[in-house]
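>>> Predicted structure and sequence below. I'll ask about it afterward.
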Amino acid sequence: MARKASARGEKRGIGDQAVVARTGKTWRQRFGLLDRAGARNKSHQGIVALIAARYAVSPWWQQMITVTYEQGRGLRERHETAHGHQLSVSRTLALSASRLFEAWITPRARRLWMPDAKLVLGKTVRRKTIHAKWVSRGVSELEVRLTTRARGRTQITVQHSRLTTLSSAARMKEYWAGSLAALVRALETGAL
């Protein structure tokens, strides 16, 4: 069962002051309006449509209010999307995007730092993005983004989505943190 968010917004990350500034209502007020409009019995898309029809807020805020409401009312777990659970792990490394890209797309190199991976590579954009299917205990999806930063550093972000449970998302978050650390060790020691 999902953790309940309080009506004051402690579990949300966006406090009442910010939500009032952007939408004109506190979280408690928003939740009350949505409850009275029957949002508890609507799909995600139905709640978004309800907000869009009744309240003058941007599409981004329509989604934010909907997800926050769903989490607060126990209709959605944290990190849950319409297609399962997702996670994101990001690190900024003192390595070039080219080296990181090659370490991901070359099977031999990948086995050195991610030996148990069951990956099927999809579309890639050299030194920018890698899409892949993770085929272990079902099929989930990966998107790896490489963003060049100052002084030869690169931010690597692994987004893993379509995971079936919150516990599998937590397990994979730990896996990716360890795998990125192994990648750094392999590159720094010259194994790659």
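Cool, the structure landed.

>>> now the helix or strand hosting Arg185, how far from the centre of its chain.
Arg185 is located in helix 166-188, with elements delineated by DSSP states H and E. On the basis of CA atoms, centre = their mean, to the nearest Å, helix 166-188 is displaced by 15 Å from the centre of the chain it belongs to.

>>> Show me what that helix is packed up against.
On a contact count with 3 or more CB pairs under 8 Å, 6 or more residues apart in numbering; DSSP states H and E, helix 166-188 meets strand 84-93, helix 97-105, helix 107-113, strand 154-163. For glycine as for every other residue, the C-beta is placed from the backbone atoms N, C-alpha and C.

>>> So for stretch 21-36, what gets flagged as buried?
Across stretch 21-36, burial judged by 16 or more other CB atoms under 10 Å covers Thr23, Lys25, Thr26, Trp27, Arg30, Phe31, Leu33, Leu34.

>>> quick check: mean pLDDT across that stretch?
Averaged across stretch 21-36, the pLDDT comes to 89.

>>> Likewise for stretch 62-82?
Stretch 62-82 comes out at a mean pLDDT of 76.

>>> next one: stretch 96-114
pLDDT averaged over stretch 96-114 gives 92.

>>> Pull the distance from it to the chain's centre.
22 Å.

>>> Show me what counts as buried in that stretch.
Buried, per 16+ other CB under 10 Å, within stretch 96-114: 96-97, 99-105, 109-110, 112-114.

>>> ok, back up a step: give me the residues contacting the helix holding Arg185.
For helix 166-188, contacts defined as CB atoms under 8 Å, 6 or more residues apart in numbering pick out 77-80, 85-87, 89, 91, 93, 95, 99-100, 103, 109, 112-114, 117, 137, 140, 156, 158, 160, 163, 191-192.
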